[in-house]
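A.B. asks: this is the structure alone, sequence omitted:
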């Protein structure tokens, strides 16, 4: 009696065009949500992310090499949103000083509206594996800083700010902005002085003309 031919396995259907990219975005959404919940890069787990996205852990590795690559992608996307806000704010007006003020205000608003995301974006991880997020690509977020550098450089070129190194001045301004966002998120009962603190910082740190029009 001749052997029965093995049953032919049904061919696995290919993912519709764009579905793979949608899964990648779903995984990034899930990773971002889990990060905000656990509050730390060190505590992010692949299983928690894939469980949130409703897929198997193996599905994640079709899009990200490892946990570090996943976290880096989440960081890039969050910083990309910050850059978009900064550029939209600065492009909304021609005056370089007012554009710089609006860009800085957008930075503070981002950090104030999304305090958990902001904290995670600037977290220094303790776990040895998580340190790779910073060690392998330490300049994630540099695009956001460069928006500030360009804004200050335009003020200098227009003769509206002292002729100092825009990179150094931007560094000093970033320290001030980061301090303002961070302290306001934790020192909620501090009697913050009334008035335009951001405008005062621009005048004292950058040395621009008063941004009040």
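C.D. replies: Ah, there it is. The structure presented is a predicted model; accordingly, all values stated were derived computationally and were not measured.

A.B. asks: for the biggest helix by length in the chain, buried residues please.
C.D. replies: Determined from DSSP state H, the single longest helix within the chain is helix 67-90. Within helix 67-90, the residues scored as buried using 16 or more other C-beta atoms under 10 Å are 67-75, 78-79, 82-83, 85-87, 89-90. C-betas here are computed from N, CA, C, even on glycine.

A.B. asks: which element follows that helix toward the C-terminus?
C.D. replies: Of the helices and strands lying after helix 67-90 in sequence (DSSP states H and E), the nearest is helix 96-113.

A.B. asks: now the angle from that following helix to helix 67-90?
C.D. replies: Helix 96-113 and helix 67-90 meet at an angle of 140 degrees, taking axes from the mean of the first three to the mean of the last three C-alpha atoms, to 10 degrees as the criterion.

A.B. asks: so which elements touch the very next helix or strand once past helix 96-113?
C.D. replies: On the C-terminal side of helix 96-113, the closest following helix or strand by DSSP H and E is helix 115-121. Where contact means 3 or more C-beta pairs under 8 Å, 6 or more residues apart in numbering; DSSP states H and E, helix 115-121 is packed against helix 19-38, helix 67-90, helix 166-186.

A.B. asks: least confident of those, on average?
C.D. replies: Mean pLDDT is lowest for helix 19-38 out of the helices and strands packed on helix 115-121, coming in at a mean of 86.

A.B. asks: what's that helix in contact with?
C.D. replies: Under the criterion C-beta atoms under 8 Å, 6 or more residues apart in numbering, residues 41, 44-45, 48-50, 52-53, 55, 59-60, 62-64, 70-71, 73-74, 77-78, 116-117, 120 lie in contact with helix 19-38.

A.B. asks: in that helix, what's buried?
C.D. replies: Quick answer for helix 19-38 (16+ other C-beta under 10 Å): 23, 26, 27, 28, 30, 31, 32, 34, 35.

A.B. asks: ok, these vs residue 101, which is closest?
C.D. replies: Lowest distance from residue 101 to those (C-beta to C-beta) belongs to residue 32, with 29.5 Å.

A.B. asks: and the closest one, how far from residue 23?
C.D. replies: The spacing between residue 32 and residue 23, counted by C-beta to C-beta, to the nearest Å, is 15 Å.

A.B. asks: residue 191 versus the most centrally placed residue in the chain, what's the distance?
C.D. replies: In the chain, the residue lying closest to the centroid (C-alpha atoms, centre = their mean) is residue 79, at 2.4 Å. Remark: distance between residue 79 and residue 191 (C-beta to C-beta) = 33 Å.

A.B. asks: cool, and residue 28?
C.D. replies: Per C-beta to C-beta, residue 28 is found 40 Å from residue 191.

A.B. asks: just residue 113 next, same as before
C.D. replies: Note on residue 113: its distance to residue 191, by C-beta to C-beta, is 23 Å.

A.B. asks: between those two, which one's more packed in?
C.D. replies: More crowded of residue 113 and residue 191, by other C-beta atoms under 10 Å: residue 113, with 10 against 6.

A.B. asks: would a markdown table of the buried residues of helix 19-38 with distance to residue 179 be doable?
C.D. replies: Compiled in a markdown table, those are given as follows (distance: C-beta to C-beta, whole Å):
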| residue | distance to residue 179 |
| --- | --- |
| 23 | 39 |
| 26 | 36 |
| 27 | 34 |
| 28 | 29 |
| 30 | 32 |
| 31 | 28 |
| 32 | 25 |
| 34 | 28 |
| 35 | 23 |
